[in-house]
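Engineer: Predicted coordinates and the sequence they were generated for:
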Amino acid sequence: MSDTIYQFDAVLNNGENINFKDYQDKVLLIVNTASKCGFTPQYEGLQSLYKQFKSQGLEVLGFPCDQFGHQEPGTDAEVQEFCSLNFNVNFPLFRKIEVNGSNAAPVYQYLKEAAPGVMGSKTVKWNFTKFLVNKQGKVTKRYASTTKPAEMLQDIEKLLAE
């Protein structure tokens, strides 16, 4: 259990604490997000995946982050409102976190260690880096910011079928 995502918890943007054990037997797509980024339109694709596969066990988890070009300057409430109004997002959005550095959220320290980036990099390079976690809580893949949500369809369907 200690080598899975289930050892962590995080706080939703409404203040509710979520233990990742609540997501056991689900496939997780975890994304660091930002409202003022060139990749922000990916919210639409993420919401589409969530809508299409939630009933089959997919959870999309958004972690707003302001570490890249100050592209998530708003409060947690403003981020939620922006995502709801502009992209009809209803997947869970968490409180703003840091994904790199000494104040990186523990769940992101785990994700980066479990699925290093290009050339073994242990940092998140930009907004909308995505991590796919299987039903057993293990990270199976990391995707770059440039990877559109629709491009992950096969990987998600494969994990949902396992």
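Structural biologist: Okay, I see it.

Engineer: wait, doesn't residue 112 sit right on residue 120?
Structural biologist: No - assessed by CB atoms under 8 Å, residue 112 is found out of contact with residue 120, at 10.6 Å. Just so you know, the C-beta spots here come from the backbone N, C-alpha and C atoms, and that holds for glycine as well.

Engineer: quick one: which of the two has more around it?
Structural biologist: Taking other CB atoms under 10 Å, residue 112 and residue 120 do not tie; residue 112 has more neighbours (21 against 6).

Engineer: How much space separates that one from residue 142?
Structural biologist: Using CB to CB, to the nearest Å, residue 112 is found at 8 Å from residue 142.

Engineer: Strands of the protein, start to end?
Structural biologist: Remark: strands assigned in the chain by DSSP state E are 9-11, 17-19, 27-33, 58-64, 130-133, 139-143.

Engineer: would you turn these into JSON lines with mean pLDDT and mean neighbour count?
Structural biologist: Listed next are those as JSON lines, based on pLDDT from 0 to 100; neighbours: other CB atoms under 10 Å:
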{"stretch": "strand 9-11", "mean pLDDT": "96", "mean neighbour count": "16"}
{"stretch": "strand 17-19", "mean pLDDT": "96", "mean neighbour count": "12"}
{"stretch": "strand 27-33", "mean pLDDT": "98", "mean neighbour count": "24"}
{"stretch": "strand 58-64", "mean pLDDT": "98", "mean neighbour count": "23"}
{"stretch": "strand 130-133", "mean pLDDT": "98", "mean neighbour count": "24"}
{"stretch": "strand 139-143", "mean pLDDT": "96", "mean neighbour count": "18"}
